[in-house]
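I'll drop the sequence and a predicted model, then ask my questions.
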Amino acid sequence: MKTRLESQNFLTLDGGRGVGAILVVLGHSAMFWPGFPTLPLVPLVDIFFILSGFVLAFAYEPRFDRGMTPWQFMLARIVRLYPLYILGILMGTAVHLYAYYGDGPNSSLGDLLFNSAPAFLMVPWMDPRSEYIYAANVPAWTLFFELVINLFYILIYPLIRRTSGLLVVVALSIALFLAMAVHYDTTDLGSRWTEFWGGFGRVGCTFFTGVLIYRLMGKPKETSSRRSLISVPLILLILFYGIGAPEPWKLPRDIILVTMVGPTLLWLFLIVQPPRWLQTTFATLGGMSYALYILHFPIYETVKRVAWKYPVILETPALGSFIVLGISMAVSYAAWQWYDEPVRAAINKWLKARRKRAEANMPAPADNVAVTRSR
């Protein structure tokens, strides 16, 4: 008999997600590698959207069919995403304020606080000091688009309940993504204001591809029972995202990675589970991946500023990058274990108690009232 962890967790997928988050950290901190080109990891983010589409379809489509409302679904998603999101925004805002107010006496603290405030509500804001839609914590842009596509998903679910309807949405999303990629000459869409609108095509294409894979696999109710050490090289296939291409081939390379390689990797992650002795390792990589992704950028910005004051960090190749990775992994593990999970558990417990109180206070149906009175 499968344990709860085995039946509900796609552990190879978790391992791949963890390796992907580590690569994102190394990619963002490539400045610490003298002479080393910036890792071409832009399409790696798209894997996270593809995985999200599959995992949410696996977890929620049976609930949608039982009558889960858009409000209930979006509340569940906010509870899942917001605690670590707000921690990342707090950390990023602290570094952002120090960078522009502490180092720049001409900056107005009031203006900085005003431009930082919308991010706490997950609202993108045009900060004149930054090209990014979330100046304080750049990776937060994905959380905005994640919630947008989640809302769109539940609202159109009656139309895509049949796979034929979903295929139409996937085709339109891919067409929009390709049009935006060609228009902007990049697949790096959504994080900056200059390509902001392209982000909707990007997330739509990848998220609904993940949902489609769930449908094409027959709407599985549990994970694969096959176990193999091949799961290790499978999750390391993500390293191919670090292989560059000559400039004329950069856009085609990225499009192929998003539309073909990403979905193929997801399928490979789903067909096999790691051996039992690696189960905890893979689960840990997956469990802390979100925290690592959303918390590492303020840490990188801090280490970067320390390196400017102590150039020895910059003079030692890759030292700063591994400092960022080491601190980020330690902070992320602690945040996942001792902040995110307890906070979400407490919120869900409070919401459950609130629902029970509301149900207890609901008036009895009219026929029950009549029966009671007749007695």
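Received, thanks.

so where's the stretch 101-250 of the chain shaky on pLDDT?
Along the stretch 101-250 of the chain, the model assigns pLDDT under 70 to residues 102-106.

one more time with 50, if that's ok
Per-residue confidence of the stretch 101-250 of the chain (counting by pLDDT under 50) places no residue in a weak region.

buried sites along stretch 268-282?
Buried residues in stretch 268-282, counting neighbours by 16 or more other CB atoms under 10 Å, are found at Leu268, Phe269, Leu270, Ile271, Val272, Gln273, Pro274, Leu278, Gln279, Phe282. For glycine as for every other residue, the C-beta is placed from the backbone atoms N, C-alpha and C.

what of stretch 247-254?
With the criterion 16+ other CB under 10 Å, stretch 247-254 contains buried residues Lys250, Leu251, Arg253, Asp254.

circling back to that earlier point, which of the buried residues of stretch 268-282 fall in helices?
Judged by DSSP state H, the subset of the buried residues of stretch 268-282 located in helices is Leu268, Phe269, Leu270, Ile271, Gln279, Phe282.

only C-alpha atoms, please: export stretch 217-230 in CSV.
Extracted C-alpha coordinates of stretch 217-230, given in CSV (Å, rounded to 0.1, in the frame of the first residue of the first chain):
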residue,chain,number,x,y,z
MET,A,217,-2.4,11.0,-19.0
GLY,A,218,-6.0,10.0,-18.2
LYS,A,219,-6.4,12.2,-15.2
PRO,A,220,-4.3,10.1,-12.8
LYS,A,221,-5.5,9.8,-9.2
GLU,A,222,-2.1,8.9,-7.8
THR,A,223,1.5,8.9,-8.7
SER,A,224,3.5,6.3,-10.6
SER,A,225,4.5,3.2,-8.6
ARG,A,226,7.6,2.6,-10.7
ARG,A,227,10.8,3.4,-8.8
SER,A,228,14.2,3.7,-10.4
LEU,A,229,17.6,5.4,-10.0
ILE,A,230,17.0,6.9,-13.4
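
who touches that stretch?
Under the criterion CB atoms under 8 Å, 6 or more residues apart in numbering, residues 2, 6-11, 57-58, 61-62, 214, 270-276, 278 lie in contact with stretch 217-230.

distance of Glu247 from Thr280?
As for Glu247, its distance to Thr280 is 43 Å (criterion: CB to CB, to the nearest Å).

sorry, back to before: want to throw the buried residues of stretch 247-254 into TSV with secondary structure and distance to Ser173?
As requested, the buried residues of stretch 247-254 are exported to TSV (DSSP: H, G, I helix; E, B strand; the rest coil; distance: CB to CB, whole Å):
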residue	secondary structure	distance to Ser173
Lys250	helix	22
Leu251	helix	18
Arg253	helix	20
Asp254	helix	17
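
which among those residues gets closest to Glu146?
Looking at these and their distance to Glu146, the nearest is Asp254, at 20.2 Å (CB to CB).

any idea which helix or strand carries Ile22?
Secondary-structure assignment from DSSP states H and E places Ile22 in helix 11-28.

number of residues surrounding the nearest residue to Glu131 once chain neighbours are set aside?
Nearest in space to Glu131, with sequence neighbours left out and distances taken as CB to CB, 6 or more residues apart in numbering, is Arg192 at 5.0 Å. The number of residues packed around Arg192, counting by other CB atoms under 10 Å, is 18.

repeat that for the one 3 residues further on.
Burial of Glu195, expressed as a neighbour count using other CB under 10 Å, amounts to 21.

now do the contacts for it.
For Glu195, the set of contacting residues under the criterion of CB under 8 Å, 6+ apart consists of Met180, Tyr184, Thr186, Asp188, Leu189.

I'd like to know which of the residues you listed are part of helices.
Using DSSP H, the members of these that fall within helices are Met180, Tyr184.

for Ala135, state which of the contacts of Glu195 is nearest.
For the contacts of Glu195, the residue nearest Ala135 by CB to CB is Asp188; the value is 16.9 Å.

list the contacts of Gly262.
Neighbour list for Gly262: Pro43, Asp46, Ile47, Ile50, Thr206, Thr209 [criterion: CB under 8 Å, 6+ apart].

7 Å instead, please
If you count contacts by CB atoms under 7 Å, 6 or more residues apart in numbering, Gly262 has them with Pro43, Asp46, Ile47, Ile50, Thr206.

what does Asp46 give?
Taking CB under 7 Å, 6+ apart as the definition of contact, the neighbours of Asp46 are Arg202, Thr206, Val258, Gly262.
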